[in-house]
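>>> Quick one: sequence and predicted model below, then my questions.
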Amino acid sequence: MARKHLGQEDVENPLPGQPKKENSWETNSFMATFYETAEAISETEFEEKRKLLVSKSKVVSDYLDLHWWKYKSRIVRYCTSKYTHF
């Protein structure tokens, strides 16, 4: 989703087996912030990072709000660290 909306760039003269596209710097920046958001250790930090995602891309952030963050109890560190897994 992020790569589609934030962009990829064509690689000039790719070698055989090398990808023909690579992420734009906007995509890499957004994805790094997304991973930091998922690794948040408190709800306050999570909300701060979420606001940063909105400032980077409203479209992708809205998608995350609708389809991913409703499952934050399964994917965000501050929620999952409450339970120990055996």
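Happy to help now that I have it. Residues are numbered from 1 along each chain as shown.

>>> Please, where are all the helices along this protein?
2-6, 25-38, 43-56, 58-67, 72-75, 77-80 (DSSP state H).

>>> And the contacts of the second one?
Read it as helix 25-38. Residues outside helix 25-38 that contact it (Cβ atoms under 8 Å, 6 or more residues apart in numbering): 2-3, 6-8, 23, 46, 49-50, 52-53, 56-57, 60, 64, 75-77. C-beta here means a position set from N, CA and C on the backbone, and glycine is covered the same way.

>>> Check the gap between L64 and V11 for me.
Distance, L64 to V11, by Cβ to Cβ, to the nearest Å: 28 Å.

>>> and the two? which has more neighbours close in?
When neighbours are counted by other Cβ atoms under 10 Å, L64 and V11 differ, and L64 comes out ahead with 19 against 12.

>>> what's the neighbour count on the nearest residue to I41 once chain neighbours are set aside?
Leaving aside its sequence neighbours, I41 sits nearest to Y78 (Cβ to Cβ, 6 or more residues apart in numbering; 5.4 Å). Around Y78 sit 17 other residues, with neighbours defined as other Cβ under 10 Å.

>>> tell me the pLDDT at Y78?
For Y78, the model assigns a pLDDT of 85.

>>> now swap in K58 and tell me
pLDDT for K58: 92.

>>> And for N23?
Note on N23: pLDDT of 77.

>>> Okay, and the beta partners of it?
With DSSP bridges as the criterion, N23 is bridged to Q8.
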